[in-house]
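Undergrad: I need the structure of the sequence given here:
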Amino acid sequence: MPNWCSNRLTIEGEPSVLDGIEWAAERNSLLNHIVPMPEGLRHSVKGYNSNPAIQEQMRQAEKFNEEAYGYPTWYEFANSRWGTKWDIHDAHIYRDSDTSLTISFESAWSPPVNAYSTLTDMHGIEMVEATWYEPGGAFCGVFMDGVTFDKVIEEFSYEWIEDNVPPLVLDDYGDCIYQMIAMMEADDD
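TA: Numbers count the residues shown, from 1 in each chain. Below is the predicted model:
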């Protein structure tokens, strides 16, 4: 079970492009919509098998996939092209207008910043802005205008958070962060 990273993604662009993104997000397939995973990688397997013949088959499949798709398995593709292990989970979609869409969702371990970068270059997209917060790994960040700003939360104190966490992150996740500080302070008492 991964640590889940909370994400809030806002996209502005042509209505027909946003319709496709909304459709994919409703099916928790947003990242595959932005950067499609090759079909040949979807069910690939990585790991170890004690049976030498099966292990050799796995090795050969990885070699074939590397040559055909540039990645030995789905896992390397997802981490490299999306920036996270799996596609999105638990999406909540808000269509602000015909040309603006906001999606809140969870991603495994980290935000899909590589997919955000690809999204900025898609035809019909005018603006991509995202924030994230992952309490287990104690990090947060912002993606805006193609630039990623990541911040490790070094100290769970009100003063440190106010001085160091980007305001957009506090707008989206301040309540969660402050609640964690209050729980930590209560545990210390």
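
Undergrad: what helix or strand is residue 107 on?
TA: strand 100-108 (DSSP states H and E).

Undergrad: Direction included, what does that strand pair up with?
TA: strand 4-13 (antiparallel), strand 89-97 (antiparallel) (DSSP bridges).

Undergrad: Just the CA coordinates for the longest one, please, in CSV.
TA: It stands for strand 4-13. Extracted C-alpha coordinates of strand 4-13, given in CSV (Å, rounded to 0.1, in the frame of the first residue of the first chain):
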residue,chain,number,x,y,z
TRP,A,4,-1.1,8.6,-1.1
CYS,A,5,-0.2,12.0,-2.4
SER,A,6,-3.1,14.5,-2.6
ASN,A,7,-3.2,16.6,-5.8
ARG,A,8,-5.2,19.5,-7.1
LEU,A,9,-4.9,20.1,-10.8
THR,A,10,-6.4,23.1,-12.6
ILE,A,11,-6.4,23.2,-16.4
GLU,A,12,-7.6,25.9,-18.8
GLY,A,13,-8.0,25.2,-22.5
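
Undergrad: in the next helix or strand after it, what counts as buried?
TA: Counting by DSSP H and E, the element after strand 4-13 in chain order, helix or strand, is helix 15-26. For helix 15-26, burial by neighbour count (16 or more other Cβ atoms under 10 Å) applies to 17-18, 21-22, 24-25. Bear in mind the C-beta positions are built from the backbone N, C-alpha and C, glycine included.

Undergrad: Flag every buried residue along stretch 88-98.
TA: Residues of stretch 88-98 classed as buried under the neighbour-count rule (16+ other Cβ under 10 Å) are 88, 91.

Undergrad: Report the contact partners of residue 28.
TA: Neighbouring residues of residue 28 by Cβ atoms under 8 Å, 6 or more residues apart in numbering: 87-91, 105.

Undergrad: Mind telling me the two of the residues you listed farthest from one another?
TA: Farthest apart among these by Cβ to Cβ are 87 and 90. That separation is 11.4 Å.

Undergrad: now the longest helix along the chain against strand 100-108, angle please.
TA: Using DSSP state H to define each element, the chain has its longest helix at helix 167-188. Counting by axes from the mean of the first three to the mean of the last three Cα atoms, to 10 degrees, helix 167-188 lies at 40 degrees to strand 100-108.

Undergrad: mean confidence for stretch 104-118?
TA: Regarding stretch 104-118, the rounded mean pLDDT is 96.

Undergrad: Perfect, I'm done here.
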